[in-house]
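1. can you look at this prediction? I've put the sequence above it.
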Amino acid sequence: MADAPIQKVALGEVAVNRRRGGEMRVLLSPKTVGCGTGFFGELTLAPGEFVSEHYHPYSEEYLFVIDGALTVLLDGTREVELAAGEGLVVPIGVRHRVTHSGTVPTRAVFQLAPLAPRPDLGHVDTEATPNAAEPVVEVGEAQ
């Protein structure tokens, strides 16, 4: 491990993903830095925006609100409110939808781990995505 290259990535260097709602940027991933156990990024939601419901069959999702507030709907029945400075772990296989009903933009960071065996197996949509015409931005395998 000591010989592994150390890489930094600026948020502006990674592709914006709007497919599922809001603005997601996967900052640290197998594609950007060659990591092998998970990925990390930022989510920005404007008032009224949401991330469509989905689940991760292989990964837990860690969500932490930096600015603003979010509501996370778990398995279609349980709402968890998150304010700035609060976080939540979404267990493997739990459907979740993230909404923002506040009046100022919300910024959060997320991490998923462990990785799915292949990128196409990591994310399962359970409702229509608001920006389905947008391309899928893969966290991908190491470049």
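-> Good, I have the coordinates.

2. would you map the strands across the protein?
-> Here the chain has its strands, by DSSP state E, at 16-17, 23-28, 39-45, 50-55, 60-67, 69-74, 78-83, 87-90, 96-99, 106-113, 124-125.

3. other SSEs contacting the first one?
-> Pointing back at strand 16-17 there. Where contact means 3 or more C-beta pairs under 8 Å, 6 or more residues apart in numbering; DSSP states H and E, strand 16-17 is packed against strand 23-28. In this view, the C-beta of every residue, glycine as well, is placed from N, C-alpha and C.

4. can you say which of the strands of the chain is nearest to Q7?
-> In terms of C-beta to C-beta, the element of those nearest to Q7 is strand 23-28, at 8.6 Å.

5. let's see that closest one as CSV, backbone CA atoms only.
-> Output of strand 23-28 as CSV, limited to C-alpha atoms (Å, rounded to 0.1, in the frame of the first residue of the first chain):
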residue,chain,number,x,y,z
GLU,A,23,-26.5,17.6,-9.0
MET,A,24,-24.2,14.7,-8.0
ARG,A,25,-20.5,14.6,-8.5
VAL,A,26,-18.6,11.5,-7.7
LEU,A,27,-15.2,12.8,-6.5
LEU,A,28,-13.3,9.7,-5.4
